[in-house]
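1. give me a model of this one.
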Amino acid sequence: MNEYDSKRIADLLIATQEFELTDKPESADFLILNTCSVRDKAQEKVFSELGRWRPLKNENPKIVIAVGGCVAAQEGENIIKRAPCVDIVFGPQTLHHLVDMYETVQKTALTQIDVSFPQIEKFDHLPKHQADGVTSYITIMEGCNNFCTYCIVPFTRGREISRPVESILDEAKTLAAQGVREIMLLGQNVNHYHFESHDLAQLIRLVAKIPGIDRIRFTSSHPKYFSQNLTETFRDVPELVNHLHLPVQSGSDRILAKMHRGYTALDFKNKINALRKIRPQISISSDFIVGFPGETEKDFEATMQLIEDIGFDTSYSFIYSPRPGTKAEKLTDDIPLNIKKKRLKILQATIYQHAEKISQGMLGTTQKILVTGFSKKNSDQLSGRTENNRVVNFQGDATLIGQFIDVTITEALPNSLRGTKKNSM
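-> Residues are numbered from 1 along each chain as shown. Now for the predicted structure:
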């Protein structure tokens, strides 16, 4: 979602201020950090980067520095107190105010702060989404009402708000007209999307009807809201990929209850089993928190058992990080760091083995991939993604970019696959 917001910020500034993007901070007139506060490490990176930017501001006081996103929403004016080089602080829901804030700074040299939570009006004030490839994101809802005890999202993104269906479809049509073939629908609680009579399942069916959109993904889902209706969408909509990211966080019912997740490990397994009856080969990725306050060895073993039972493909897994204002922050964090690190290492190694097994199982198979561009490591090769989110590099002509082609998988590497275009000599 931060990548989507950053892209929309760039669209806004390019359209209204005639800015050009640069990847060199020293050549920029306007430096913007769009931030994440899900974990403490990500938050601290913000101030490290601001420390690197401070000399640029000292050398050229006309440079404007802005901090946006979730750290901005969380910290507000404290950011300017800690980093006086910052001119603008804006939240995820006020990025459409950025032009006005920038112009005010230019005229008055006064710092600007807006971390309010207006309704989802920002989408009505942004220019048309400009595609920069054959895949793209679309935010369909923001915020969360769950208040999981470890999570800061409701405090930084606000309560759940869903975008109107027509607004989403118009954005998807705009992207399709620019050559986008794959869309990922985004939301902090994406499968709790609800606007008037439409839920996520109905929205997916409408997006799938747009000419040119031939592949659909969505993230991030909550197991509690993974409905039968959504499961049936995997049966009925071939454009919906053979991959699902469904964060479970823990396999221990006791820890899930302390996290306020609203489901048990058995509930999660039942949902996955129902989905696999429809899509037997579907790849499942997830999120895990290791070392949540009070997690015992038995709790961790329950998580590892769930990992074995499901056979997760990949994961985003981290040591628990207390976030300010959350209920879990008040819990006694009684697990030694070395134990947390050991558990995380075991969990990640196990899931890596599962991922490796899945990749090895793809050897010799024919995979339909969307060619997205040139390989990052070899500009003589093309690159694309399989439905189960594997990067495949292969020899091919640049005219294939933006097309779906069949590739035979010939090699499984740790982070990618290699293949040959089917029927090529």
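2. all contacts plus neighbour counts: C-alpha atoms, from now on.
-> OK.
3. hmm, who's touching the helix or strand encompassing residue 392?
-> Using DSSP states H and E, the element containing residue 392 is strand 391-394. By C-alpha atoms under 8 Å, 6 or more residues apart in numbering, the surrounding residues in contact with strand 391-394 are 369, 375, 381-386, 415-421.
4. just checking, next helix/strand downstream of the top helix by length along the chain?
-> Scanning the chain for the helix with the most residues, using DSSP state H, yields helix 337-361. Once helix 337-361 ends, the next helix or strand along the chain (criterion: DSSP H and E) is strand 366-374.
5. next helix or strand past that next one?
-> With DSSP H and E, the next secondary element past strand 366-374 is strand 382-385.
6. what lines up beside that following strand in the sheet?
-> strand 366-374 (antiparallel), strand 391-394 (antiparallel) (DSSP bridges).
7. quick revisit: so among the contacts of strand 391-394, where is pLDDT lowest?
-> By pLDDT, residue 415 ranks lowest within these, coming in at 89.
8. what's the burial count for that residue?
-> 11 (other C-alpha atoms under 10 Å).
9. tell me the SS of it?
-> coil (DSSP: H, G, I helix; E, B strand; the rest coil).
10. roughly how far does it sit from residue 314?
-> 11 Å (C-alpha to C-alpha, to the nearest Å).
11. cool, and residue 41?
-> 21 Å.
12. settle it for me: which of these two has more neighbours?
-> residue 314 (21 against 11).
13. in the sheet, who's paired with the closest residue to that one other than its chain neighbours?
-> Excluding the flanking residues, the one nearest residue 314 by C-alpha to C-alpha, 6 or more residues apart in numbering is residue 285, at 4.8 Å. Beta bridges link residue 285 to residue 245 when assigned by DSSP bridges.
14. on that earlier part again, what's the mean pLDDT across the longest helix of the chain?
-> 97.
15. and stretch 29-44, by the same measure?
-> pLDDT averaged over stretch 29-44 gives 86.
16. could you dump that stretch to CSV, C-alpha only?
-> This file holds the C-alpha atoms of stretch 29-44, laid out as CSV (Å, rounded to 0.1, in the frame of the first residue of the first chain):
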residue,chain,number,x,y,z
ASP,A,29,14.2,20.1,-4.8
PHE,A,30,11.6,18.1,-2.8
LEU,A,31,12.6,15.1,-0.7
ILE,A,32,9.7,12.9,0.5
LEU,A,33,9.8,9.9,2.9
ASN,A,34,6.7,7.7,2.8
THR,A,35,6.9,5.7,5.9
CYS,A,36,5.8,2.5,7.7
SER,A,37,5.5,2.0,11.4
VAL,A,38,4.4,-1.6,11.6
ARG,A,39,7.7,-2.5,13.3
ASP,A,40,10.1,-0.4,15.3
LYS,A,41,13.0,-1.1,12.9
ALA,A,42,11.1,0.4,10.0
GLN,A,43,10.4,3.5,12.1
GLU,A,44,14.0,4.0,13.1
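17. just the buried residues of that stretch, please?
-> If you call a residue buried by 16 or more other C-alpha atoms under 10 Å, then stretch 29-44 has these buried ones: 30-39, 43.
18. again, but for stretch 110-121
-> 111-117, 120.
19. do the same with stretch 346-360
-> In stretch 346-360, counting by 16+ other C-alpha under 10 Å, buried: 347-348, 350-352, 354-356, 358-360.
20. columns distance to residue 72 on top of those, output as TSV?
-> As requested, the buried residues of stretch 346-360 are exported to TSV (distance: C-alpha to C-alpha, whole Å):
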residue	distance to residue 72
347	32
348	31
350	36
351	34
352	34
354	38
355	36
356	39
358	40
359	40
360	43
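21. now do the same end-to-end measure for stretch 308-323.
-> OK, stretch 308-323 end separation, C-alpha to C-alpha: 30 Å.
22. now tell me what touches it from outside.
-> Here stretch 308-323 has contacts from 38-40, 150-152, 269, 272, 283-293, 328-329, 340-341, 344, 348, 351-352, 354-355, 358, using C-alpha under 8 Å, 6+ apart.
23. any idea which of the strands paired with strand 382-385 is most buried?
-> Neighbour counts (mean count of other C-alpha atoms under 10 Å) averaged over each of those peak at strand 391-394, with a mean of 24.
24. gap between residue 188 and residue 213?
-> Counting by C-alpha to C-alpha, the gap from residue 188 to residue 213 is 23 Å.
25. what distance do you get for residue 266 to residue 281?
-> On the measure of C-alpha to C-alpha, residue 266 and residue 281 end up 21 Å apart.
26. helix, strand, or coil at residue 32?
-> Assignment for residue 32 (three-state DSSP): strand.
27. and the pLDDT at the closest residue to it other than its chain neighbours?
-> Leaving aside its sequence neighbours, residue 32 sits nearest to residue 66 (C-alpha to C-alpha, 6+ apart; 4.7 Å). pLDDT for residue 66: 97.
28. and if you look at residue 324?
-> According to the model, residue 324 scores 90 on pLDDT.
29. so, low pLDDT: which residues of the stretch 101-250 of the chain?
-> Scanning the stretch 101-250 of the chain for pLDDT under 70 picks out 119-121.
30. now do the helices in it.
-> For the stretch 101-250 of the chain, the helices defined by DSSP state H, counting those that start in this stretch occupy 153-156, 165-177, 200-208, 228-236.
31. which of these sits most buried?
-> Of those, helix 153-156 is the most buried (mean count of other C-alpha under 10 Å), at a mean of 22.
32. show residues contacting that one.
-> By C-alpha under 8 Å, 6+ apart, helix 153-156 touches 38, 70-71, 73-74, 91-92, 143-147, 188.
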